[in-house]
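*Asks:* Next come a sequence and a model predicted from it.
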Amino acid sequence: MNTQDSISDKRRLTECDDSGIDAVTRDTDVWLPDGNIVVIARNTGFRVHKSILAIHSEVFRDLFLLPPSAAEEETLDGCPVVWVSDDPTHLRRLFLVLCCGKKCVIHFIGVRRFTNICSYYYENDELIPVQFDVLYSLINMGHKYAIPSILNDALSRLKKYYPSDLSAWENYPQRARYVTIRPPDFLLAVQVARLTNTFSILPSAYLEMSRHAEQLVMMLPEFHDGQLGLTAEIITQALRGKAALIEGVTSRILAISTAVPAPQCPTQSQCALLAHGLLGRLNVSGEIETKLSCEVALQPLYDWFWGVAANALCACCQEASRRVDEEMRQRVWKTLPQHFRLEVDGWPV
Ligand SMILES: [Zn+2]
């Protein structure tokens with residue numbers, strides 16, 4: 001898939017690099033004493049085992065099969081070198097998982113920890129949340145170097161945070177156990193979803209983005225050339241989705257009210273009067289306005305709308321009003337991709 005890219009990157013870098021092998025910094029953690037090849041990314045060298053990389057990645061395997069050109073016959077600490085174009089931070093995270101069996105450094109909310117198991121995902125068999133930028137590195141490297149185990153594990157984590165079913169989405173504490181994401185990381189989540197064709201991530205990533213749409217607008221002048229994928233187009237897409245979600249909240253509040261009186265209601269005029277009066281009061285007091293946000297679009301509204309007045313409704317009207325609220329809420333989730341003009345096959349899973 002990316003073999004040719006890697007090869008041309010390698011050649012280009014070899015040609016362009018004018019600082020030479022003397023300027024290479026040896027990575028402190030990924031510098032295995034018995035490693036037999038040095039992979040260099042932007043002047044950071046990683047001494048690793050050629051066979052380990054070749055076993056896991058057909059891209060590395062093909063890269064190693066190429067006959068070295070004269071310029072590439074240089075060595076560092078006696079090992080042949082291979083130049084690649086990757087960000088060394090991304091590559092380092094990949095090599096920590098692939099190559100550093102016993103000693104592995106994990107970065108969790110800025111703290112360096114050491115673990116005996118080479119994993120970003122568990123510590124002493126306990127699930128730990130992985131920082132999004134680590135996941136981003138592993139997805140990009142796993143994709144570029146065609147390493148399914150790395151790629152699938154990382155994507156699986158991301159899918160836990162951006163699920164395709166509503167009940168999982170509502171359980172934020174559970175989602176946050178898997179990944180730590182802060183604005184504007186969700187822009188990169190959208191990027192990797194597109195890169196890896198993992199489209200099921202997109203609707204909830206866009207939903208999260210729409211919650212921060214105003215913040216993104218403010219950031220736009222600082223981010224040139226679509227840095228982090230932040231473009232006017234993506235903000236427009238998020239804002240359109242947000243407007244549609246807010247419109248949905250208005251419709252739902254109205255539907256909760258107009259579901260009363262239910263056809264089987266024994267006290268039609270009494271229940272109708274109650275609904276009508278309550279809708280008017282909430283409107284005049286401005287309480288409806290406070291509910292008009294995309295956060296509310298997926299929350300149940302029945303209890304908020306009726307409050308203690310629900311006790312004065314007949315059982316038929318209570319049931320009818322609650323049902324319409326839930327049906328409409330589920331429909332918002334089912335149509336989430338359309339809100340953001342996304343095409344996601346099989347949504348929701
Ligand atoms: Zn009734």
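*Replies:* Noted; the coordinates are in hand.
*Asks:* Any idea how many residues pack against Gly307?
*Replies:* By other Cβ atoms under 10 Å, 11 other residues sit near Gly307. Placement of C-beta: from N, CA and C, glycine included.
*Asks:* same deal with Val48?
*Replies:* Neighbours of Val48 (other Cβ under 10 Å): 25.
*Asks:* Same check on Arg177?
*Replies:* Residues near Arg177, counting by other Cβ under 10 Å, number 14.
*Asks:* Val38 too?
*Replies:* 24.
*Asks:* now do Ser321
*Replies:* Neighbour count of Ser321, defined by other Cβ under 10 Å: 26.
*Asks:* could you list every residue that touches it?
*Replies:* 256-257, 259-260, 262, 275, 302, 305-306, 313 (Cβ atoms under 8 Å, 6 or more residues apart in numbering).
*Asks:* Residue ranges in the protein under the pLDDT threshold?
*Replies:* 1-19, 68-72, 101-119, 124, 221, 223-227 (pLDDT under 70).
*Asks:* quick one, what contacts the closest residue to the ion within the stretch 51-200 of the chain?
*Replies:* Distances between the stretch 51-200 of the chain and the ion by Cβ to the ion are smallest at Leu166, namely 28.7 Å. Neighbouring residues of Leu166 by Cβ under 8 Å, 6+ apart: 298, 329-330, 333, 348.
*Asks:* Any chance of these in CSV with secondary structure, neighbour count and distance to Leu279 as columns?
*Replies:* Converted to CSV, those look like this (DSSP: H, G, I helix; E, B strand; the rest coil; neighbours: other Cβ atoms under 10 Å; distance: Cβ to Cβ, whole Å):
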residue, secondary structure, neighbour count, distance to Leu279
Leu298, helix, 18, 22
Arg329, helix, 19, 19
Gln330, helix, 13, 23
Trp333, helix, 21, 25
Pro348, coil, 19, 31
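*Asks:* Which parts of stretch 135-148 count as buried, going by neighbours?
*Replies:* Residues of stretch 135-148 classed as buried: 135-147 (neighbour count, 16 or more other Cβ atoms under 10 Å).
*Asks:* Could I get the contacting residues of the closest residue in space to Glu295 that isn't next to it in sequence?
*Replies:* Once flanking residues are discounted, Glu295 sits nearest to Arg211: 6.3 Å by Cβ to Cβ, 6 or more residues apart in numbering. Contact analysis of Arg211 by Cβ under 8 Å, 6+ apart lists 242, 294-295.
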